[in-house]
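>>> Fold the following, please.
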Amino acid sequence: MRAILPLITLLAPTFFLSACAVNSCGAEPLARPNILLILADDLGFSDLACYGSEIATPNLDRLATRGLRFTQFYNCARCCPTRAALLTGLYPHQAGVGHMLGNWHAPGYTAGLNDQCATIAELLHHVGYRTYHIGKWHVGGVGAAKNARNHPMNRGFDGAYGTGGGGNYFGLRPLYLDREDVEPGADFYATDAFTDYAVKFLAEHGREHQNAPFFLHLCYTAPHFPLHALPEDIARYRGKYRDGWDRLRGRRFAKQKELGIFGKETILSPRDPVARAWADVPEAERGEWDLRMAVYAAMIDRLDQGVGRVLEAVRQIGAEQNTLVLFLSDNGASAEFLDTWPNPARGHKPGSQTGTRESHRCLEVGWANAANTPFREHKMWVHEGGIATPLIASWPAGIPSPGKLTPEVGHVIDFMPTCLELAGGQYPRTLRGRDLTPLPGKSLVAVLKGGQSGERMLGWEHEGNRAFRSGDWKVVAGFRGEWELYNLKFDRSELTNLADRNQAKCKELADAWQRWADQAGVVAWEKLPGASYKPSAQYRKKSEPVSP
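Prediction:
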């Protein structure tokens, strides 16, 4: 029987482990679940087989059959903001990461998590969980400042292995284990290395801490650029994409409707206006485009293989039944064109074949448009293509009706209250003398049990792109653009702009966005040092040919 945990005196009196959760009011202790939170990087909404893809993801598909698939779950459109929101339960600007990690404008735009937030790991650690972080961190405090306040080991994690951001999958740097810098070995491949350490940490947990629940946050860099994959994985997909992104979008959308992810009212959005029609792509270029998508698919395939190994490690320590597994992406697929980034110091060589350690290529707009099927836009935008993510939630002991889809609306800010409810804790007003910002999210526990979350009101802002959702209504605008209004119940692809026809509703939601932005600490993009940066400048131009 798990020992009764002492009250934690390091926290404010308002944060406690519920007495009933500890000893069931005098009966046997309730078994608090382990939590395995897996985050992919730049994975599109349709990139898993159980969300419409042709890519082999059998382990994630099996996870879906044992749990729930969310069809309306959201992130914050980009890596740093999403990670900050996921870890703290706050909107990114409230946590100090309103953009990336530029120290631009306190308190919302700084070089890392601020003092007015706590991480899930910090709060679970203090109620008896062992906590582990593996993979991409990207919320400050790694590298030159690895011993600073925002290193994972100083933000509540008992063990950590990974990197601050991304980079070369065959030679990722900087790389750390706990607080020590490490060098990648000759056979290093980032996805496998992260999987290896997840398995290692789980095995150690099973041997040394079997009486404590665990929180393991596994953050793969896949399938973020550069496009790097192992040759045997690439070979399984080479040649499968020579009919192009237009047909791929059609096939994935048909599969999504077959799976029930979208109803008959949903329409496939038109091809992104920046992407060429596949019919206009010269035959001489098609081999390179096929290779790029094959490498991208191989990266996702290898990620899924890693998830399978991690789930087996959970089973090996006897924790399978009472482990909540959550899998999602930090933003939509990326349409970025960054071939100008190759760095010889990191082994990149211009002209190298896509997929090799010497190359540095991106998926780009045509394939990213397919990865985000059926939505418009991409990573960094707050149309659905940038912020909608697959979310698989599996918990054999806790989800009564597995294998279903849920249309309940959720957001990464909901993970903190969800984890706290499952752990039997409450969010504190203060932590070690610091006042904490109240949580804006809602627990998902009722949804996992088959219930409803109620009508949601959610806000977004990134690089001047902005959106607000209230119930089924959403307003959205690109940087310096006019507000668009959509009823997502009938138009999830955001194709019929109702702003002119329903000006009152558009103004109501636009005003609601402004109130949200003021409360969250959003600063107008024009007033920030990064205002000259335009995401659309990273699109490949229609007239520019591709070369291998």
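>>> Show me the residue at the heart of this protein, geometrically.
D330 (2.1 Å; C-alpha atoms, centre = their mean).
>>> What sits closest to it if chain neighbours are left out?
In space, D330 comes closest to T82 once its chain neighbours are excluded; the distance is 4.2 Å by C-beta to C-beta, 6 or more residues apart in numbering. To be clear about C-beta, it is placed using only N, CA and C from the backbone, and glycine gets the same treatment.
>>> I figured that neighbour was touching L328, is that so?
No - if you go by C-beta atoms under 8 Å, T82 and L328 don't touch, sitting 9.1 Å apart.
>>> Please identify which of these two sits among more neighbours.
Under the criterion of other C-beta atoms under 10 Å, the comparison of T82 against L328 puts T82 first, with 27 against 23.
>>> so what's the more buried one up against?
Neighbour list for T82: N75, C76, P92, D330, N331, V412 [criterion: C-beta atoms under 8 Å, 6 or more residues apart in numbering].
>>> let's go with 10 Å and repeat that
The contact partners of T82, by C-beta atoms under 10 Å, 6 or more residues apart in numbering, come to 39, 41, 74-76, 92, 97, 138-139, 328-331, 387, 389, 412, 462.
>>> which SS state does it fall under?
Classification of T82 by DSSP: H, G, I helix; E, B strand; the rest coil places it in helix.
>>> Could you report the pLDDT at it?
Note on T82: pLDDT of 98.
>>> Is it correct that Y161 falls within a strand?
Yes - in this structure, Y161 lies within a strand as judged by three-state DSSP.
>>> how about the top helix by length along the chain: buried residues?
When the chain is parsed with DSSP state H, its longest helix is helix 283-316. Using 16 or more other C-beta atoms under 10 Å as the test for burial, helix 283-316 gives 286, 288-308, 310-311, 313-314.
>>> What is the burial count for P344?
P344, neighbours per other C-beta under 10 Å, totals 9.
>>> which residues touch it?
Neighbours of P344 in contact, by C-beta under 10 Å, 6+ apart: P350, E358.
>>> so W278 makes contact with R286?
Yes - assessed by C-beta atoms under 10 Å, W278 is found in contact with R286 at 8.3 Å.
>>> Need the residues touching each of the two.
Contacts common to W278 and R286, judged by C-beta under 10 Å, 6+ apart, are R242, D243, G244.
>>> Which among these count as buried?
The neighbour count (16+ other C-beta under 10 Å) marks R242, G244 as buried among the shared contacts of W278 and R286.
>>> can you redo the shared contacts of W278 and R286 as CSV with pLDDT and secondary structure?
Shown next, in CSV, are those (pLDDT from 0 to 100; DSSP: H, G, I helix; E, B strand; the rest coil):
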residue, pLDDT, secondary structure
R242, 98, coil
D243, 98, coil
G244, 98, helix
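>>> TSV please, covering the shared contacts of W278 and R286 and showing distance to E180.
Shown next, in TSV, are those (distance: C-beta to C-beta, whole Å):
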residue	distance to E180
R242	46
D243	48
G244	47
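>>> now the residue nearest to K489 when sequence neighbours are not counted: how far from V409?
Spatially, and ignoring its direct neighbours in sequence, K489 is nearest to D472 (4.0 Å; C-beta to C-beta, 6+ apart). According to C-beta to C-beta, to the nearest Å, D472 stands 9 Å off from V409.
>>> who's more crowded, these two?
V409 (24 against 15).
>>> what's the pLDDT at the more buried one?
pLDDT, V409: 98.
>>> can I assume R130 is in contact with F157?
Yes - with contact defined as C-beta under 10 Å, R130 reaches F157; the gap is 9.4 Å.
>>> Quickly list what's touching both of those two.
A121, F215, L216.
>>> Of those, which belong to strands?
Using DSSP state E, the subset of the shared contacts of R130 and F157 located in strands is F215, L216.
>>> which residues sit in contact with D47?
40, 53-55, 57, 223, 252, 296-297, 299-300, 303, 329, 332-333, 370-373, 390.
>>> what kind of secondary structure is it in?
coil.
>>> and the gap between it and T354?
18 Å.
>>> again, but for G164
Counting by C-beta to C-beta, the gap from G164 to T354 is 25 Å.
>>> With A148 instead?
Distance from A148 to T354, by C-beta to C-beta: 37 Å.
>>> which residues of the stretch 1-150 of the chain fall in helices?
19-23, 58-65, 79-88, 92-95, 120-125 (DSSP state H, counting those that start in this stretch).
>>> Which other helices and strands does the fourth one contact?
Spelled out, that is helix 92-95. helix 79-88, strand 457-462, helix 503-520 (3 or more C-beta pairs under 10 Å, 6 or more residues apart in numbering; DSSP states H and E).
>>> So the residue nearest to G260 when sequence neighbours are not counted: helix, strand or coil?
Spatially, and ignoring its direct neighbours in sequence, G260 is nearest to L405 (5.7 Å; C-beta to C-beta, 6+ apart). Secondary structure, three-state DSSP: L405 is strand.
>>> Let me see the contact set for L498.
Listed by C-beta under 10 Å, 6+ apart, the contact set of L498 reads W473, V475, E484, L485, Y486, N487, D491, K505, C506.
>>> roughly how far apart are the nearest residue to P184 once chain neighbours are set aside and G185?
Ranked by C-beta to C-beta, 6+ apart and with sequence neighbours excluded, the top spatial neighbour of P184 is G171, at 5.3 Å. Counting by C-beta to C-beta, the gap from G171 to G185 is 10 Å.
>>> Equivalent analysis for T389, please.
In terms of C-beta to C-beta, T389 sits 32 Å off from G185.
>>> And the strands in the stretch 1-150 of the chain?
Per DSSP state E, counting those that start in this stretch, the stretch 1-150 of the chain carries strands over the ranges 34-40, 67-74, 130-136.
>>> ok, now the stretch 351-500 of the chain?
388-394, 404-411, 430-431, 434-435, 457-462, 465-470, 473-477, 484-487.
>>> How far away from the center of its chain is the first one?
In this case it means strand 388-394. Here strand 388-394 is found 9 Å from its chain centre; the criterion is C-alpha atoms, centre = their mean, to the nearest Å.
>>> who does it touch, helix- and strand-wise?
Secondary-structure packing of strand 388-394 (3+ C-beta pairs under 10 Å, 6+ apart): strand 34-40, helix 58-65, strand 67-74, strand 323-329, strand 404-411, helix 445-448.
>>> Could you give the average pLDDT over the fourth one?
Okay, so that is strand 323-329. pLDDT averaged over strand 323-329 gives 98.
>>> circling back: of the helices of the stretch 1-150 of the chain, which is nearest W516?
In terms of C-beta to C-beta, the element of the helices of the stretch 1-150 of the chain nearest to W516 is helix 92-95, at 10.1 Å.
>>> mean confidence score for that closest one?
Computed over helix 92-95, the mean pLDDT rounds to 98.
>>> and if you look at stretch 430-437?
95.
>>> for stretch 494-503, same thing?
On average, the pLDDT along stretch 494-503 is 98.
>>> what's the straight distance from one end of that stretch to the other?
Start-to-end span of stretch 494-503 (C-alpha to C-alpha, to the nearest Å) is 17 Å.
>>> Quick one: low-confidence residue ranges for the stretch 51-200 of the chain.
144-147 (pLDDT under 70).
>>> what residue ranges in the stretch 201-350 of the chain score low on pLDDT?
Residue ranges of the stretch 201-350 of the chain with pLDDT under 70: 339-343, 345-346.
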